[in-house]
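Asker: Here you go, sequence then predicted model.
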Amino acid sequence: MAKKELKFNSKTIHGGQRPDKAYGAVMPPIYQTSTYAQSTPGGHQGFEYSRSGNPTRTALENSLASIENGQYGLAFASGLSAMDAVIKLLNPGDEVISTNDLYGGSYRLFRQVFEKYGIVFHFIGMQDMAAIEEKINKNTKLVWVETPTNPMMNVVDIKAVSALAKKHDLLLAIDNTFATPYLQQPLDLGADIVMHSATKYLGGHSDVVVGALIVNDKELADKLYFIQNASGAVCGPMDSFLTLRGIKTLHVRMQRHNENGEIIAKYLNDHPKIEKVYWPGFEDHPDHDIAKSQMNGFGGMISFIPKGGTFEAAVKIVEKLEVFTLAESLGGVESLAGHPASMTHASIPKEEREKSGVVDALIRLSVGIEDVDDLIADLGQAIG
């Protein structure tokens, strides 16, 4: 069977991969080199300088393309550097329509780095296609979607936004970090660009910082590769190796993240001291039907507000957790808890945060793959 015909679980292990040519190594070697010998000027074996290309990074990029059903993968030094490359496709005066409740680092990049170069950003709720279309004008060039959103767990209809983007000849980029290609494959739903903070679920072990872009269009891939090479924000061979190793267990990890996430979400929803739980698997979640139609599960990310809805109540809970670790990031095998207003989303002004629901009492959980009974016991003692 040709590798292109493999199902997803097999793609995570074999997709885009082949034994190393030198000695047949099953896992791609870590080519810890900055440069490559040439027999004559320009006479090389496919690699000249490791900013431009490295065999270990190429193996990762091939894997990324395979699991997202794409043709071209690019690996970056971080998720934000991958986003940076996408925005560098634009020119001063161009406009971007973005999800209104997105990761704080994304908001910071858009507002504090690129706005001063004349790029205009509009942040809106993307559940209403008419509201999106109202923002489109002759200067609009890109729609940036995060789904599910961080940390409010809103789900955006990728097919509907794609139809709108194509109608107006706009690029559509999807941040697929929360869902991963195990749950959602945006290119198949009409996206032009898929972005990942591969630091999270793809790496899966909280030991790398890596970003990724995957596309199908060669012209677009060439433009992004030029920006990547010219700007230099590439991931190194060791991080490439570790991320590739993480991808090989993505499918089995995501199965457990899904299972544990559902149990924890329902536990919190039934808890008398919890006021509100945000998880798209609930039938009364406003985007449940969309999530059910475009995702293969609801994931291990959950946000909730304790009864009383105060900053003090939230801090008391996260400080008492013992199995869950209070830390930034998500998607590792270990369970993490975060306080978005003071951690991941602190760069967003309070007024803007609260418009999208990121209030001071909100707690975000990244449910890991531990024994779920231990996780429930830990939440129980912390909530009281």
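Answerer: Looks like it came in fine. Numbering: from 1, shown residues only.
Asker: Now do the buried residues in the least confident helix or strand in the chain by mean pLDDT.
Answerer: When the helices and strands of the chain are scored by mean pLDDT, DSSP states H and E, helix 350-355 comes last with a mean of 89. Neighbour counts over helix 350-355 (16 or more other Cβ atoms under 10 Å) mark residue 353 as buried. In short, each C-beta sits where N, CA and C put it, glycine included.
Asker: Check stretch 319-339 too.
Answerer: 321, 323-326, 329-332, 335-339.
Asker: Which of the helices or strands spans the one residue sitting closest to the centre of the chain?
Answerer: Centroid check for the chain by Cα atoms, centre = their mean gives residue 177 as the closest residue, at 1.6 Å. Counting by DSSP states H and E, there is no helix or strand that carries residue 177.
Asker: ok, for it, nearest residue in space, not its chain neighbours?
Answerer: Closest residue to residue 177 apart from its sequence neighbours, by Cβ to Cβ, 6 or more residues apart in numbering: residue 197 at 4.7 Å.
Asker: Now do that neighbour: how many residues are near it, please.
Answerer: 29 (other Cβ atoms under 10 Å).
Asker: Send over stretch 356-368 as PDB, restricted to the C-alpha atoms.
Answerer: Below are the C-alpha coordinates for stretch 356-368, written out as PDB (Å, rounded to 0.1, in the frame of the first residue of the first chain):
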ATOM      1  CA  SER A 356     -14.900  37.800  24.800                       C
ATOM      2  CA  GLY A 357     -15.500  36.200  28.100                       C
ATOM      3  CA  VAL A 358     -11.900  36.000  29.500                       C
ATOM      4  CA  VAL A 359     -12.900  37.200  32.900                       C
ATOM      5  CA  ASP A 360     -10.600  37.200  36.000                       C
ATOM      6  CA  ALA A 361     -12.400  34.100  37.400                       C
ATOM      7  CA  LEU A 362     -11.700  31.900  34.400                       C
ATOM      8  CA  ILE A 363      -9.500  28.800  34.700                       C
ATOM      9  CA  ARG A 364      -8.200  26.800  31.700                       C
ATOM     10  CA  LEU A 365      -7.400  23.200  31.900                       C
ATOM     11  CA  SER A 366      -5.300  21.100  29.600                       C
ATOM     12  CA  VAL A 367      -6.300  17.600  30.500                       C
ATOM     13  CA  GLY A 368      -3.500  15.200  30.200                       C
END
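Asker: Could you tell me which ranges of this protein sit under the pLDDT cut-off?
Answerer: 1-4 (pLDDT under 70).
Asker: Give me the outermost residue of it relative to its centroid.
Answerer: Largest centroid distance in the chain under Cα atoms, centre = their mean is residue 40 at 42.0 Å.
Asker: which other helices and strands contact the longest helix along the chain?
Answerer: When the chain is parsed with DSSP state H, its longest helix is helix 250-270. Here helix 250-270 touches helix 8-14, helix 180-183, strand 274-278, strand 301-306, helix 372-383, going by 3 or more Cβ pairs under 8 Å, 6 or more residues apart in numbering; DSSP states H and E.
Asker: how about these in a markdown table, adding mean neighbour count and distance to residue 249?
Answerer: Formatted as a markdown table, the helices and strands packed on helix 250-270 follow (neighbours: other Cβ atoms under 10 Å; distance: least, Cβ to Cβ, whole Å):
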| stretch | mean neighbour count | distance to residue 249 |
| --- | --- | --- |
| helix 8-14 | 17 | 7 |
| helix 180-183 | 25 | 11 |
| strand 274-278 | 18 | 27 |
| strand 301-306 | 24 | 19 |
| helix 372-383 | 16 | 19 |
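Asker: which residues of the stretch 101-250 of the chain fall in strands?
Answerer: Taking DSSP state E, counting those that start in this stretch to define them, one finds strands in the stretch 101-250 of the chain at 120-124, 140-146, 171-175, 193-197, 211-215.
Asker: gap between residue 354 and residue 156?
Answerer: 21 Å (Cβ to Cβ, to the nearest Å).
Asker: now do residue 277
Answerer: For residue 277, the distance to residue 156 - Cβ to Cβ - is 20 Å.
Asker: Could you do residue 112 as well?
Answerer: 24 Å.
Asker: Same drill for those two, tell me which one is more crowded.
Answerer: Neighbour count, other Cβ under 10 Å: between residue 112 and residue 156, residue 156 has more, with 22 against 10.
Asker: Verify the stated contact: the more buried one with residue 143.
Answerer: No: look at residue 156 against residue 143 with Cβ atoms under 8 Å: they stay out of range, at 9.8 Å.
Asker: With distance to residue 94 added, can I get the helices and strands packed on helix 250-270 in JSON lines?
Answerer: Converted to JSON lines, these look like this (distance: least, Cβ to Cβ, whole Å):
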{"stretch": "helix 8-14", "distance to residue 94": "35"}
{"stretch": "helix 180-183", "distance to residue 94": "29"}
{"stretch": "strand 274-278", "distance to residue 94": "33"}
{"stretch": "strand 301-306", "distance to residue 94": "31"}
{"stretch": "helix 372-383", "distance to residue 94": "45"}
